[in-house]
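Engineer: Here is my input, please return the structure:
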Amino acid sequence: MIRQDIEKRKNVLLLTDSDWHARTIQFIVGVLMLALYVWIAAGVLSLLLNLPEILKNGWAQIAEHIIVDIVLILAMLELIRILQSYLSLGRVKVTFILDVALVVLIGELIGLWYKDYTFVEVGLHIAAITMLILLRIVSIRFSPNATD
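Structural biologist: Numbers count the residues shown, from 1 in each chain. As a prediction, the model looks like this:
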């Protein structure tokens, strides 16, 4: 009993105690999630504040910013989903990472609609999105855990 207590205190001092490490990682991830929540709130507030400009300047220019803001908010929600998965499972699922990449690339593809673009740029975006979709299908199909 005393030997186990001494060994545990020694591990804490040597920073090899797994409980200490897990608690530290949970704290850091919690702070990151809090920062993402604040960022999302700022994005939603910015989105709501930009809505009156539509009536003044027309909707064409402002619509681009609103759509890009919405896609960024969705990407941040996916990042929070990744962090929550890490906290609950102790690992990150590949499908969640692919979801974030898909959301960001689809947002970029939507952003091209409002800019001068070439067919090569659009083709590269569509090819990248297609590859990510195929990777997501493969990662789900061959997942070691059928409930994921």
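Engineer: need the next SSE after whichever helix in the chain runs longest, C-terminal direction.
Structural biologist: Longest helix of the chain, by residue count under DSSP state H: helix 18-57. Once the chain leaves helix 18-57, the next helix or strand it forms, by DSSP states H and E, is helix 59-89.
Engineer: Show me what the longest helix of the chain is packed up against.
Structural biologist: On a contact count with 3 or more Cβ pairs under 8 Å, 6 or more residues apart in numbering; DSSP states H and E, helix 18-57 meets helix 59-89. C-betas here are computed from N, CA, C, even on glycine.
Engineer: Check which residues of the helix it packs on are buried.
Structural biologist: 62, 66, 69, 71-76, 78-79, 82-83, 85-86 (16 or more other Cβ atoms under 10 Å).
Engineer: Work out which residue lies at the spatial centre of this protein.
Structural biologist: Leu79 (2.0 Å; Cα atoms, centre = their mean).
Engineer: OK, contacts around the nearest residue to Leu32 once chain neighbours are set aside?
Structural biologist: Spatial nearest neighbour of Leu32, excluding adjacent residues (Cβ to Cβ, 6 or more residues apart in numbering): Leu83 at 6.2 Å. Applying Cβ atoms under 8 Å, 6 or more residues apart in numbering, we find Leu83 in contact with 29, 32-33, 36.
Engineer: What mean pLDDT does stretch 32-48 get?
Structural biologist: Summarised as a single mean, pLDDT over stretch 32-48 is 84.
Engineer: Please identify the buried residues of it?
Structural biologist: Residues of stretch 32-48 classed as buried: Ile40 (neighbour count, 16+ other Cβ under 10 Å).
Engineer: Can you list the buried residues in stretch 125-133?
Structural biologist: 125, 129, 132.
Engineer: Check the model's average confidence along it for me.
Structural biologist: 91.
Engineer: Equivalent analysis for stretch 73-92, please.
Structural biologist: Rounded mean pLDDT across stretch 73-92 is 79.
Engineer: just the CA coordinates of that stretch, formatted as PDB?
Structural biologist: Output of stretch 73-92 as PDB, limited to C-alpha atoms (Å, rounded to 0.1, in the frame of the first residue of the first chain):
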ATOM      1  CA  ILE A  73     -19.200  28.400 -39.100                       C
ATOM      2  CA  LEU A  74     -20.100  24.900 -40.300                       C
ATOM      3  CA  ALA A  75     -16.400  24.000 -40.500                       C
ATOM      4  CA  MET A  76     -15.900  25.200 -36.900                       C
ATOM      5  CA  LEU A  77     -18.800  23.100 -35.800                       C
ATOM      6  CA  GLU A  78     -17.200  20.100 -37.400                       C
ATOM      7  CA  LEU A  79     -13.900  20.900 -35.600                       C
ATOM      8  CA  ILE A  80     -15.800  21.000 -32.300                       C
ATOM      9  CA  ARG A  81     -17.200  17.600 -33.200                       C
ATOM     10  CA  ILE A  82     -13.700  16.300 -33.700                       C
ATOM     11  CA  LEU A  83     -12.600  17.700 -30.300                       C
ATOM     12  CA  GLN A  84     -15.600  16.100 -28.600                       C
ATOM     13  CA  SER A  85     -14.800  12.800 -30.200                       C
ATOM     14  CA  TYR A  86     -11.300  13.000 -28.900                       C
ATOM     15  CA  LEU A  87     -12.400  13.800 -25.400                       C
ATOM     16  CA  SER A  88     -15.000  10.900 -25.300                       C
ATOM     17  CA  LEU A  89     -13.100   8.300 -27.200                       C
ATOM     18  CA  GLY A  90      -9.500   9.300 -26.700                       C
ATOM     19  CA  ARG A  91      -8.900   9.200 -30.500                       C
ATOM     20  CA  VAL A  92     -10.000  11.200 -33.500                       C
END
